[in-house]
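Asker: take this sequence and fold it.
(2 chains)
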Amino acid sequence: DTAVSQTPKYLVTQMGNDKSIKCEQNLGHDTMYWYKQDSKKFLKIMFSYNNKELIINETVPNRFSPKSPDKAHLNLHINSLELGDSAVYFCASSQDRSLYGYTFGSGTRLTVV
Amino acid sequence: AQSVTQLDSQVPVFEEAPVELRCNYSSSVSVYLFWYVQYPNQGLQLLLKYLSGSTLVKSINGFEAEFNKSQTSFHLRKPSVHISDTAEYFCAVTYFGNEKLTFGTGTRLTIIP
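Answerer: Numbers count the residues shown, from 1 in each chain, chains lettered A, B, ... in the order given. This next block holds a predicted model:
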């Protein structure tokens, strides 16, 4: 009964490829997020959706495109992968925006070679 | 704009010794504060949070943090650490109506046997 689940857990791919990461939450939360954690463990928000509506779109390359088919799912598609995209990507969800904190998924470790 | 500073990137502590992980924030409005823990190769888990009321908040595994408005701090403490406390600890801040949590850069707590 994982609350926030991400797939895949590991992703190794070549430069130039296109890949997707999926996220699903079964908590009934109305807001979902994508965060990127770099090699120094720094966490940076990328996107946030509230009830399928994009509410946060930080400065990320437009090769990154989120999609939320419903409020329980938030997927991340990345085009033309670059070496610098290698990181751990975390999905998270929350109720009432960020007020009560997030529930995080276990992360997707993306390695671009 | 809100920000979080975790001054110590690494804190080594002997087993059963006390520890304090420092967190300072800046914000022009009333804040809500969080500590998250990330065990190796895992996602982030909420450790404790301050929303309102008592300035001293506690977790189920012996950690506590005190909100100090005058010092703009939310330091995390534990009187006696265990090997299992080895992890990365992140402080985070938000405010009512905000869309996102802002995270500090993390403190790696290493317990020495």
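Asker: need the residue closest to the centroid of chain A.
Answerer: A:Trp34 (3.1 Å; CA atoms, centre = their mean).
Asker: my read: that one touches A:Met46, true?
Answerer: Yes: proximity of A:Trp34 to A:Met46 meets the contact threshold set by CB atoms under 8 Å, at 4.5 Å. The way it works is simple: take the backbone N, C-alpha and C, and place the C-beta from them, glycine included.
Asker: shared neighbours of the two, anything?
Answerer: Residues touching both A:Trp34 and A:Met46 (CB atoms under 8 Å, 6 or more residues apart in numbering or on different chains) are A:66, A:76.
Asker: partner residues bridging the residue nearest to the centre of chain A?
Answerer: A:Phe47, A:Cys91 (DSSP bridges).
Asker: got the contact list for it?
Answerer: Contacts of A:Trp34 (CB under 8 Å, 6+ apart): A:23, A:45-48, A:66, A:74, A:76, A:89-92.
Asker: and A:Ile21, helix, strand or coil?
Answerer: Of the three states, A:Ile21 takes strand under DSSP: H, G, I helix; E, B strand; the rest coil.
Asker: what's the spacing between it and B:Ile112?
Answerer: As judged by CB to CB, to the nearest Å, A:Ile21 and B:Ile112 stand 37 Å apart.
Asker: those two: who's more crowded?
Answerer: Using other CB atoms under 10 Å in any protein chain shown as the criterion, A:Ile21 and B:Ile112 rank with A:Ile21 on top: 23 against 11.
Asker: the more buried one pairs with what?
Answerer: Going by DSSP bridges, A:Ile21 forms beta bridges with A:Leu76.
Asker: can you tell me how far it sits from A:Thr31?
Answerer: With CB to CB as the criterion, A:Ile21 and A:Thr31 are 18 Å apart.
Asker: do the same with A:Met46
Answerer: Distance from A:Met46 to A:Thr31, by CB to CB: 14 Å.
Asker: more neighbours, these two?
Answerer: Ranked by neighbour count (other CB under 10 Å), A:Met46 and A:Thr31 place A:Thr31 first, with 24 against 18.
Asker: give me the number of residues near residue 86?
Answerer: Assuming you mean chain A. 17.
Asker: try again with chain B
Answerer: 16.
Asker: same question for the one 10 residues further on.
Answerer: The tally of other residues near B:Phe96 (other CB under 10 Å) stands at 13.
Asker: go on, A:Pro8?
Answerer: 13.
Asker: same check, this time on B:Ser30
Answerer: Burial of B:Ser30 is recorded as 9 neighbouring residues (other CB under 10 Å).
Asker: skipping its backbone neighbours, what lies nearest it in space?
Answerer: B:Tyr95 (6.2 Å; CB to CB, 6 or more residues apart in numbering or on different chains).
Asker: B:Glu16 too?
Answerer: B:Glu16 sits nearest to B:Ser80 (CB to CB, 6+ apart), 5.0 Å away.
Asker: does that neighbour count as helix, strand or coil?
Answerer: Assignment for B:Ser80 (three-state DSSP): coil.
Asker: wait, it sits on B:Phe14?
Answerer: No: with contact defined as CB under 8 Å, B:Ser80 does not count as touching B:Phe14 (10.3 Å).
Asker: no further queries at this time; thank you.
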